[in-house]
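J.: Provide a 3D model corresponding to the input given below.
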Amino acid sequence: MPDQAVAAAGQTNAARKMSDPITLAEPIVRGNETIASIQLRKPKAGELRGLSIQELMNARATAVLDILPRIAMPPITQAEADQLEPEDLAACSGAVIDFFLTAADRKAVEKVLNA
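T.: A predicted model of the protein is given here:
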């Protein structure tokens, strides 16, 4: 039974929404490893603990920097998140905001962008 629970959890994680890859303006260098791009996965409620959804929706830098180590793939540390270039933080902020948009919100944004 525990093996089935682990398999089910793996399937749930695989089905979670991921952002498009974000190519970093300045790759993260960790020892011999270089991280040139990251993807963000849609957070679950527990990963939002201690954060303000409103601040995330407003792309407040502090809130976005706090959530990145929780949802970045490959995982990054808080210190690495804090060292991101401003354009990389902006791209990550856009991806985080997208996770909170409803289908109706997305249509409204598309309508404005296509006008």
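
J.: burial of the nearest residue to residue 99 once chain neighbours are set aside, as a residue count?
T.: Once flanking residues are discounted, residue 99 sits nearest to residue 42: 4.7 Å by C-beta to C-beta, 6 or more residues apart in numbering. Any C-beta I mention is one placed from the backbone N, CA and C, and that applies to glycine too. Here the number of neighbours of residue 42 (other C-beta atoms under 10 Å) works out to 15.

J.: please apply the same query to residue 107.
T.: Residue 107 has 11 nearby residues by other C-beta under 10 Å.

J.: do the same with residue 43
T.: Residue 43, neighbours per other C-beta under 10 Å, totals 19.

J.: on that earlier part again, could you double-check that the residue nearest to residue 99 sits in contact with residue 97?
T.: No - the pair residue 42 and residue 97 does not pass the contact test of C-beta atoms under 8 Å, sitting 11.8 Å apart.

J.: so the residue nearest the centre of the chain: helix, strand or coil?
T.: In the chain, the residue lying closest to the centroid (C-alpha atoms, centre = their mean) is residue 40, at 3.1 Å. The local conformation at residue 40, judged by DSSP: H, G, I helix; E, B strand; the rest coil, is strand.

J.: give me the pLDDT value at it.
T.: Looking at residue 40, its pLDDT reads 98.

J.: quick one, phi/psi of the nearest residue to it once chain neighbours are set aside?
T.: Excluding its sequence neighbours, the residue lying closest to residue 40 (C-beta to C-beta, 6+ apart) is residue 19, at 4.3 Å. With angles defined as degrees, to the nearest 10, residue 19 sits at phi -70, psi 170.

J.: okay, helices next: where are they in this protein?
T.: 2-15, 53-57, 61-71, 78-82, 86-100, 103-114 (DSSP state H).
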